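# here are the coordinates; sequence isn't available:
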């Protein structure tokens, strides 16, 4: 089963309201996991309850047959509304609910290895660090970049050995993973 919650209120699936598609993606190529889905709201529930505003919380609950449900929380990034007769459709994009990592920054430098710096950033942003140790200690300058931008720059400079290939990604469980994939 699937549940979609806007700001803590469950979207009423019924004979009329439907989910067209749901895409959730986490990758080392994007800063944080993203979601993209479309719902058809024949009953006008979304607009009547003013559910779509900047930063609105969207929770997706997935429960495979005979298994416990898993919930993922996102923030609204953008949406597109379209009408076909009495049906209003909303195509919605969101990002994992880690707003401090997505848009926060700091002024203080970090003196550590790349793995140590990423552990510190993860701790500051409410992420769970899962990092492989590196050997490139230096002073990391934030230059007023957002945490996710700064973390990617640190990850690109990561070094374990001449054959290492360090990669950074944030997962749906809020883990900041920094691994040597070589």
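Structure's in. What do you need? Note that the structure is predicted; figures quoted are calculated from it, not measured.

# And the helices in this structure?
Along the chain, counting by DSSP state H, helices occupy 45-48, 99-103, 114-125, 147-156.

# who's in contact with the last one?
Surrounding helix 147-156, the residues in contact under the criterion C-beta atoms under 8 Å, 6 or more residues apart in numbering are 31-32, 100-102, 104-106, 114, 117-118, 121, 124-125, 140, 142-143, 145, 166-168, 170, 176, 178. Using the backbone N, CA and C atoms, a C-beta is placed for each residue, glycine as well.

# related to what we said a few turns ago, could you single out the most deeply buried of the helices of the chain?
Mean neighbours per residue, mean count of other C-beta atoms under 10 Å, is largest over those for helix 114-125, with a mean of 22.

# which secondary structure elements does that one contact?
Counting contacts by 3 or more C-beta pairs under 8 Å, 6 or more residues apart in numbering; DSSP states H and E, helix 114-125 packs against helix 99-103, strand 110-112, strand 128-131, helix 147-156, strand 175-180.

# Out of the ones you listed, which is closest to residue 89?
helix 99-103 (26.5 Å; C-beta to C-beta).

# I'd like to know how many residues surround residue 160.
By the criterion of other C-beta atoms under 10 Å, residue 160 has 18 neighbours.

# about what we covered before: would you convert the helices and strands packed on helix 114-125 into JSON lines that also reports mean pLDDT?
Putting the helices and strands packed on helix 114-125 into JSON lines (pLDDT from 0 to 100) gives the following:
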{"stretch": "helix 99-103", "mean pLDDT": "94"}
{"stretch": "strand 110-112", "mean pLDDT": "96"}
{"stretch": "strand 128-131", "mean pLDDT": "97"}
{"stretch": "helix 147-156", "mean pLDDT": "96"}
{"stretch": "strand 175-180", "mean pLDDT": "96"}
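
# Now do the contacts for the most centrally placed residue in the chain.
Compute the mean C-alpha point of the chain, and by C-alpha atoms, centre = their mean the closest residue is residue 96, 2.2 Å away. If you count contacts by C-beta under 8 Å, 6+ apart, residue 96 has them with 32, 33, 34, 72, 73, 74, 75, 102, 170, 172, 174.

# Give me the pLDDT for residue 27.
On pLDDT, residue 27 comes in at 95.

# which non-adjacent residue is nearest it?
residue 169 (6.5 Å; C-beta to C-beta, 6 or more residues apart in numbering).

# Across the sheet, point out what pairs with the one you found.
For residue 169, the beta-bridge partners are residue 177 (DSSP bridges).

# Quick check: it touching residue 130?
No - look at residue 169 against residue 130 with C-beta atoms under 8 Å: they stay out of range, at 9.9 Å.
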